[in-house]
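In: sequence unknown, structure follows:
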């Protein structure tokens, strides 16, 4: 039997109850499908005193998707999202990203909230307690150095690997946060603060692989919303060494609008590379003309400047960055010409 | 703290006191004694522990026992009637979908979940549905044949 | 009345006899054995790579309520190891720790939670020593010895030259040298290691349930480690969730659990984690190969020179045999003369390697078939033609004295060429797609057992009692490969009975005869022959009884399985009636069947260790692999595999196909995604996310052609089917990639990043060329 640290498990059925529990128990953590959190508990990475099982909270289990907009509750299962006919029809990038996560059984369990808040990953971090202890721990847990970049001076480079975030970022999504001090809405891009520049101090708004979410204490994701832009074409693709179970080596979401022969709008977002999902900045400057070599060259430049894959996975960072660029180029071409 | 868990296990109502940190896998194996469900990895990487919760394949190694309150859990021991093997079990036996047999209960439950949802899956749908399960013996070729055979047995009413 | 004929099963598609237990969840594996009062075992492992042990402090752990016993190296000064010549390992480290993860102490406590808490309280103090994580570092002149008796950290070097390589190379039209690197890989069988030990202190008896391939070795090692008379030990092997070689050796978990059980005089169950299972290891070592082949324009190989370094890990394990196989098995597939081999097995501060499916032959075969393919291309020869130019002329003995009687390689090669449509498709594949082929072979059990006792190599017993049930008793370990099914089939076939008449009992040393175990693909050939012998002996008893009953001469008795009669007109006696007659004089009947290998199969004496590689029969395999390469991402997809395997005679076509598909696929894992990697000796990939076993979504259709060369010594002509097809996949893949994109990969695994890098490198080189020619 696997010896898990002791914790209590509560199953609220309403959002209010969930919030009350969260406020009353500062050491609690919300539990979605468990495909990330329970693994980390089993490895002794986190040891919450209480888990709040969010799967019975009915308010968080709805998908609203139509030609006007998309709203997905945090407890919606990834399999349901991937197969939802209106999401498939109006928001293909979201359905595709959800359908690409881990493996089919994992998607029956994993939730939208869980994938949006997926803990960042690193080969020196996602190891057993014995392993991490034999390696003198690391910045993301209780250690002093980042084994990926020992000279990082306090910056952790663990990689964000959720697939939904980049998809939703290309749709300009907003996220509803729920917590002890009430509810607030943020642009999804502001949820992710894992900027992690070597030598740059970690602050409340510019974090790293360890401090990668802008959640306040006790706060959790309630829902994520996006407006529909009917002309926007979108798609998701990713590379893994194996085609199932694994986290992405690199994942790319693209949304674009074509007017005649002109590229009118372009959004490109990545996962599996940086400590946050990266919505490329500067793509607007690539729009306004035909889809030509200038656009691709510009895209390559933006990827080179903004995508920073370190040795956090077993697959070299250099490859992850390069292949991310290749996938982006392909998706842009496909969506533009389709 | 232990909580009272009331749910349906293999078609029988069951009530138990379970601590919050007890995994469904360990509950099934060590508390109930249903050892057909296997532990194959340190969490979510192999699918050997797959059971059905409300007919959906689920990894019992990442599911807390207390969270199945009010739900229906089926393990490999639930399959078959009157001592006869179910269609999926016959498929894995007769088509050699099982060699060492250790991943087999997980594969069988993932396959049973598929066939309950989709009685006549294509080869691509079978492959898509079994993507969370690792087998180290077969190379999967005969597992695909096993599920196809099971679907045919069900369709012909030969086995449930 | 139905006409009675003997039942036949050989050559059919026979589902495994233990399948119903497995598909119903009733099959009990070691971890499924639980009893009230049983204690939980847990191992404390060294966090250090290499160090002199100063103190193992268990005081705090002992005080923890619920802790019943703790054992350390102080509890056992004996060593173990699979090879009698290399028993250097303590179940719990004494004096020194040699790799990160080596067991140092173990706790038995009332439950897992307490055991884990106790392990966390154990403190190890060491004086750290320099650690070596590569073969090269360990062989450096200033490296200290990891084991005192092994200076230079050389576990074993092997050197031989048979023929004259200098002359051979001189006769070649093309001589080429290449280097190859194969990453360390491991079995990663689905069942994690587990052991249950029960010590009866009143009677002084030990019972151990172990997830092992060789209960007999566990028995021997328990006796040695516990210093107990073997007669006081009982070893039981429940269902085993795969082994692929790592459970050939007795593992430390089995010995440690027994030490704990004896210390507390009770029952202890230790189920180690997946990470610990990885670290227990016994996988295939990282191998560096330098290979030189001389080839003539007609495709004939004129000489071979091979250097092979294996990073063996911190203990010998099977290492000596692995490095010998790598040399000896250069032979017995092609007609080779003028061969020179230098092999070095090196000790390093990493977990110990061992025997992994295709033991010792896989990485060498990858290098050989890769280089042969490359050179064929350079000489403008078809890859099939090059293989055909070098066939053995069986029956024959190789230059290193290996006996080859049946040789189905030509039929295998023909089959895959035809099935894959090679001739029509090879030169018409679209861009990014390619076809590659390669061959491989393997032994059907080593001809000389590891522990030479003078006994027959295999013994099977059959019990027949008043109920008419035929019970086969065998020590051969069913580990999912189907050995029990094969033994039942052979007995049923000889007796002409339906399979349902026969039962088999295995895996309990109190009941079944000793067996040398399920490894090196020995069971079908060696134990299968012993089973046939036993069944024939039983048949003789039954025929004699029938003769008495029918008042006829034994030579006139016709055995039809369920009916024995004296001539076609005789209404005869039923099997059950014959059994009653047979039991009259002797009561319960037990017959014995034996099998011993013939001296001609024992290999030669031309160099030290030349017996390794000797077998009664070699299996042969040929493969064609079809790939698609995405040149922008480096992603390689295997679209299809055609494999033909010469198993002599397929006793069971279903299990032969399953074994061949499983081998090919396991080769694919090694070739494309699997790799054991370390960070300063800490295994980075000790989980099933980072150790990438292919999923169903990565796995191609594998079409199997069965070639039956009918080995003169094999049971019904059979040879092995479970290992020989693994190795050929690796070079067939890289040869196919070369066909698709014109780049040859000498290093495994061929992951997308490596393919991408190679394509980039070529692009840069071409760019440079273009630029320089443009400037001219």
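Out: It's in. Keep in mind that what you see is a predicted model, and the values were worked out from it rather than measured. Numbering: from 1, shown residues only, chains lettered A, B, ... in the order given.
In: show me how the chain divides into domains.
Out: Just so you know, I chose chain A. The record's domain parsing of chain A by automatic domain parsing lists A:58-118+A:158-227, A:233-337.
In: that's the wrong chain, I wanted chain C
Out: C:33-129+C:190-242+C:247-280, C:286-448+C:602-759, C:449-596.
In: near chain A, which residues of the stretch 201-350 of chain C are found?
Out: Within the stretch 201-350 of chain C, the positions near chain A by C-beta under 8 Å from any C-beta of the partner chain are C:273, C:275. Heads up, the C-betas are built off the backbone N, CA and C, glycines and all.
In: residues touching the residue most central in space within chain B, list them.
Out: Within chain B, the residue whose C-alpha comes closest to the C-alpha centroid is residue B:109; the distance, by C-alpha atoms, centre = their mean, is 2.4 Å. Going by C-beta atoms under 8 Å, 6 or more residues apart in numbering or on different chains, residue B:109 touches B:50-52, B:57, B:74-76.
In: so which of the residues you listed belong to helices?
Out: Using DSSP state H, the subset of the contacts of residue B:109 located in helices is empty.
In: quick one: the strands in chain B?
Out: When secondary structure is read from DSSP state E, chain B shows strands at B:2-9, B:12-19, B:50-53, B:56-59, B:72-74.
In: take these and write them to a markdown table, including distance to residue A:116, mean pLDDT and mean neighbour count.
Out: Converted to a markdown table, the strands of chain B look like this (distance: least, C-beta to C-beta, whole Å; pLDDT from 0 to 100; neighbours: other C-beta atoms under 10 Å in any protein chain shown):
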| stretch | distance to residue A:116 | mean pLDDT | mean neighbour count |
| --- | --- | --- | --- |
| strand B:2-9 | 28 | 94 | 16 |
| strand B:12-19 | 29 | 97 | 13 |
| strand B:50-53 | 23 | 98 | 26 |
| strand B:56-59 | 20 | 98 | 27 |
| strand B:72-74 | 28 | 98 | 20 |
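In: make CSV from those and add distance to chain A to it.
Out: As requested, those are arranged in CSV below (distance: least, C-beta to the nearest C-beta, whole Å):
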stretch, distance to chain A
strand B:2-9, 7
strand B:12-19, 7
strand B:50-53, 6
strand B:56-59, 5
strand B:72-74, 13
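In: let me have the ones you listed in TSV, adding distance to residue C:483 as columns.
Out: Formatted as TSV, the strands of chain B follow (distance: least, C-beta to C-beta, whole Å):
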stretch	distance to residue C:483
strand B:2-9	35
strand B:12-19	38
strand B:50-53	28
strand B:56-59	32
strand B:72-74	32
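In: quick one: closest of those strands to residue C:615.
Out: Ranking the strands of chain B by distance to residue C:615, with C-beta to C-beta as the measure, places strand B:50-53 first at 40.2 Å.
In: how about residues contacting that closest one?
Out: For strand B:50-53, the external contacting residues (C-beta under 8 Å, 6+ apart) are A:105, B:24, B:28, B:37, B:57-60, B:63, B:68, B:71-75, B:105-107, B:109-110, B:112-113, B:116, B:132-133.
In: now check the helix or strand where residue C:705 lies, is it near chain B?
Out: According to DSSP states H and E, residue C:705 maps onto strand C:702-707. Yes. When contact is scored as C-beta under 8 Å from any C-beta, part of strand C:702-707 falls within range of chain B: residue C:702.
In: for residue C:591, grab phi and psi.
Out: Backbone geometry at residue C:591, expressed as degrees, to the nearest 10, gives phi -120, psi 160.
In: show me where pLDDT drops low in the chain?
Out: Just going to use chain A. Low-confidence segments of chain A, defined by pLDDT under 70, are located at A:1-2.
In: let's do chain B instead
Out: Scanning chain B for pLDDT under 70 picks out no residues.
In: and the helices in it?
Out: Secondary structure of chain B by DSSP H: the helices cover B:24-26, B:87-94, B:104-117, B:123-129, B:141-155.
In: TSV for those helices, including distance to residue C:387?
Out: Formatted as TSV, the helices of chain B follow (distance: least, C-beta to C-beta, whole Å):
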stretch	distance to residue C:387
helix B:24-26	49
helix B:87-94	37
helix B:104-117	37
helix B:123-129	33
helix B:141-155	26
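In: wait, which of those helices is closest to residue C:92?
Out: helix B:24-26 (27.6 Å).
In: just the closest of the contacts of residue B:109 to chain C, please.
Out: Taking C-beta to the nearest C-beta as the measure, chain C sits nearest to residue B:76 out of the contacts of residue B:109, at 3.8 Å.
In: if we can go back for a sec, now the domains of chain A in a markdown table, with mean neighbour count?
Out: Conversion of these to a markdown table gives the following (neighbours: other C-beta atoms under 10 Å in any protein chain shown):
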| stretch | mean neighbour count |
| --- | --- |
| domain A:58-118+A:158-227 | 21 |
| domain A:233-337 | 21 |
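In: tell me the phi and psi of residue 72?
Out: Picked chain A for this. Main-chain dihedrals, residue A:72, degrees, to the nearest 10: phi -130, psi 130.
In: please refer instead to chain C.
Out: Backbone torsions of residue C:72, given as degrees, to the nearest 10, read phi -130, psi -180.
In: mind checking how far it is from chain B?
Out: Distance of residue C:72 to chain B, given as C-beta to the nearest C-beta, to the nearest Å: 26 Å.
In: and that residue, what are its bridge partners?
Out: When bridges are called by DSSP bridges, residue C:72 pairs up with residue C:105.
In: where's residue C:115, which helix or strand?
Out: Using DSSP H and E, the secondary-structure element containing residue C:115 is helix C:112-121.
In: is that helix positioned near chain A?
Out: Yes. Judged by C-beta under 8 Å from any C-beta, helix C:112-121 and chain A are in contact via C:112-113, C:115-117.
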